[in-house]
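Novice: Show me the folded form of this:
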Amino acid sequence: MKLITRMLAAVGVVALAVLIINTASAGASKVIDAYDRQQASEKAMIDEHKLYLASRDDDFYVTDPIDSFDQEAYEASEQYKTARHANQFIAKAYGRE
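Specialist: Residues are numbered from 1 along each chain as shown. I've put the predicted structure just below:
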């Protein structure tokens, strides 16, 4: 009787170990799948942003690093005026006029 009890206990322990391993494997699989979906989503967002950058109109920016920097054109641009206004606003906010 003790032998049967011990064998049943051993079978129960092995069955419990198999259940734990299967549960851990399924959990790891779900985590890996979620990570892969997140990576695919981020890659899609990066690709979409690259397409946006390739299709936008760069005439607004006068400080294109490929071309030479034109100080006079920059100071006459809307970009300069906006930056100057923002810097003045921040300076006033911090008391550095």
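Novice: ok, now how distant is the most centrally placed residue in the chain from Gly12?
Specialist: Nearest residue to the geometric centre of the chain (C-alpha atoms, centre = their mean): Glu42, 5.9 Å. Applying C-beta to C-beta, to the nearest Å, the value for Glu42 to Gly12 is 45 Å. Placement of C-beta: from N, CA and C, glycine included.
Novice: Identify the single longest helix in the protein, thanks.
Specialist: helix 2-55 (DSSP state H).
Novice: tell me what that one is packed against?
Specialist: Packing partners of helix 2-55 (3 or more C-beta pairs under 8 Å, 6 or more residues apart in numbering; DSSP states H and E): none among the helices and strands.
Novice: What is the distance between that helix and the centre of its chain?
Specialist: 21 Å (C-alpha atoms, centre = their mean, to the nearest Å).
Novice: now that helix: mean pLDDT?
Specialist: For helix 2-55, the mean pLDDT works out to 87.
Novice: Could you do stretch 82-97 as well?
Specialist: 87.
Novice: List of residues touching that stretch?
Specialist: For stretch 82-97, contacts defined as C-beta atoms under 8 Å, 6 or more residues apart in numbering pick out no residues.
Novice: Next: stretch 40-49.
Specialist: Contacts of stretch 40-49 (C-beta under 8 Å, 6+ apart): none.
Novice: Now do the buried residues in that stretch.
Specialist: Neighbour counts over stretch 40-49 (16 or more other C-beta atoms under 10 Å) mark no residue as buried.
Novice: ditto for stretch 13-20
Specialist: With the criterion 16+ other C-beta under 10 Å, stretch 13-20 contains no buried residue.
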